[in-house]
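Novice: Task: produce atomic coordinates for the following.
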Amino acid sequence: MILPSILSTSHLHLRDKLEPLRGLAKMIHVDIEDGVFVPNLSFGPKMIEEIYKEFGFELDVHYMVNDPQRFIDIFKSIPHSWVSYHLETGLHPDDLDFPKGARVGVAVNPDTRDIPPDIIASVDFIVLMGVYPGFGGAKFEESTYDSVRRLNDIRNIDGHEFDILVDGGVGKNNILELKRCGADHFVAGSGVFKDDPKKSFLELNDICDRDV
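Specialist: Numbers count the residues shown, from 1 in each chain. This is a model prediction of the structure:
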């Protein structure tokens, strides 16, 4: 599944960028940033709630923050379908009170690839950052391919059922190879919104539908 990331749009043109995806994209990716864990601030709950009510997209909410529980509580009115926080916070999924009914994931930065087995066994999906997080349009880290392969091997050998999601730097030039390595879902920001959102989204979907 392709998850368009609204971090790669401007607040001024957000509605215009999302309109072409109405009825096409099932879910959008929302980065919540605190200006501490990453050097940027992103969205507040009012804006995300308005997007949800207007377009009806399911929401994949990614907390790039030092204190995930504080922000989960701030965004408690938002209907999370998927929710993830960062392993770098030092927290175990059992330490957090996630929105009820949401699929729970853990995210790891490009230089934090070793995920403890007990955490792997406790989540529904793992987010491999293909870029160092904080801003849209960052350069894709080539090490991501090997990271996907390793996680896919762990999944196959140990019989885990978690999904692998790649977030950042995903585009037409690398999405098929990431799928071949074992990735299931792809967060695409600039890859969708840099040009025509509808055309780019459909092109990425078409590539993902190819046999590997």
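
Novice: give me the low-pLDDT residue ranges for this structure?
Specialist: Within the chain, the segments meeting pLDDT under 70 span 134-138, 211-212.

Novice: so where do the strands sit in the chain?
Specialist: According to DSSP state E, the chain carries its strands in the segments 2-4, 27-33, 58-64, 80-86, 103-108, 125-129, 163-167, 185-188.

Novice: how about the ones you listed in CSV, adding distance to residue 195 and mean neighbour count?
Specialist: C-betas here are computed from N, CA, C, even on glycine. CSV is the format used below for the strands of the chain (distance: least, CB to CB, whole Å; neighbours: other CB atoms under 10 Å):
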stretch, distance to residue 195, mean neighbour count
strand 2-4, 13, 26
strand 27-33, 18, 24
strand 58-64, 22, 24
strand 80-86, 26, 24
strand 103-108, 27, 20
strand 125-129, 23, 25
strand 163-167, 20, 24
strand 185-188, 12, 26
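
Novice: what's the residue nearest to residue 202 when sequence neighbours are not counted in contact with, if anything?
Specialist: Nearest non-adjacent residue to residue 202, counting by CB to CB, 6 or more residues apart in numbering: residue 24, 7.3 Å away. Neighbour list for residue 24: 198, 201, 202 [criterion: CB atoms under 8 Å, 6 or more residues apart in numbering].

Novice: tally of neighbours for residue 92?
Specialist: Using other CB atoms under 10 Å, residue 92 has 13 neighbouring residues.

Novice: export the strands of the chain to a markdown table and tack on distance to residue 40?
Specialist: Formatted as a markdown table, the strands of the chain follow (distance: least, CB to CB, whole Å):
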| stretch | distance to residue 40 |
| --- | --- |
| strand 2-4 | 19 |
| strand 27-33 | 5 |
| strand 58-64 | 8 |
| strand 80-86 | 14 |
| strand 103-108 | 16 |
| strand 125-129 | 14 |
| strand 163-167 | 15 |
| strand 185-188 | 16 |
